[in-house]
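Peer 1: Starting from these lines, generate the structure:
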Amino acid sequence: MNQTKDIISFFAHVIKDNRLHPSHISIYVALFQCWSMNRFQSPFRIYRGEVMRLGKVKSLGTYHKCIKELHLAGFIMYSPSYDPYIGSLVDIVDFEESGISVHKAFPEQELLLPKENNFSAPEFHEVELYFNERDLPSAQAYGFYSFYDSQGWKLSDGKLMNSWQAAARNWISKEKNR
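Peer 2: Now for the predicted structure:
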């Protein structure tokens, strides 16, 4: 395997793939460097702290999101160990050898799997109790409940809300600023 071709191939795919952002590139380059330090063994062990340091990523959330999305997009094969002393296994995908095209295998699909929305609309008495616990009148609770009930408990972008309590906090905050 020619490692120079691998990194060039990665960047050629990145240019075409609108799903990848600078943090993905940073993590991939850090993984490539770890692979190099492991004499291009496949698979090789990685340690989160080392990859984050090499990739100049400070957020655990960003690190985990990028690793997961690089795996889902087919750039790496990732096997987490969940043990910080053992480290996780990573394999850099060789597109030349496998004959896989990222765009053919993963056509512009979303990288993250959609989250299930387990929202259930509240009863008025729940909303009223929520507002009353915050020393707000039942009339405000009724206004909130009526508005969102008429909207089918959807947000302004048309998506079903995840938490009516969060929407209520936002509603209360806006009412106080009037």
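Peer 1: contact partners of the longest helix seen in the chain?
Peer 2: Longest helix in the chain by number of residues (criterion: DSSP state H): helix 22-37. The set of residues external to helix 22-37 that reach it, using C-beta atoms under 8 Å, 6 or more residues apart in numbering, is 3, 6-7, 10, 14, 41-42, 44, 46, 50-52, 54-57, 62-63, 65-67, 69-70, 75-76, 90, 92. The C-beta positions use only the backbone N, C-alpha and C, and glycine is treated the same way.
Peer 1: Same question for stretch 40-48.
Peer 2: The set of residues that contact stretch 40-48 without belonging to it, under C-beta under 8 Å, 6+ apart, is 1, 3, 31, 34-35, 38, 60, 63, 77, 79, 84, 86-92.
Peer 1: for this structure, what spans make up the strands?
Peer 2: Listed in chain order, the strands of the chain (DSSP state E) span residues 44-46, 76-79, 88-92.
Peer 1: Out of these, the one nearest N170 is which?
Peer 2: For the strands of the chain, the distance to N170 is smallest for strand 76-79, at 36.8 Å, taking C-beta to C-beta.
Peer 1: other SSEs contacting the closest one?
Peer 2: Counting contacts by 3 or more C-beta pairs under 8 Å, 6 or more residues apart in numbering; DSSP states H and E, the secondary-structure elements packed against strand 76-79 are helix 60-72, strand 88-92.
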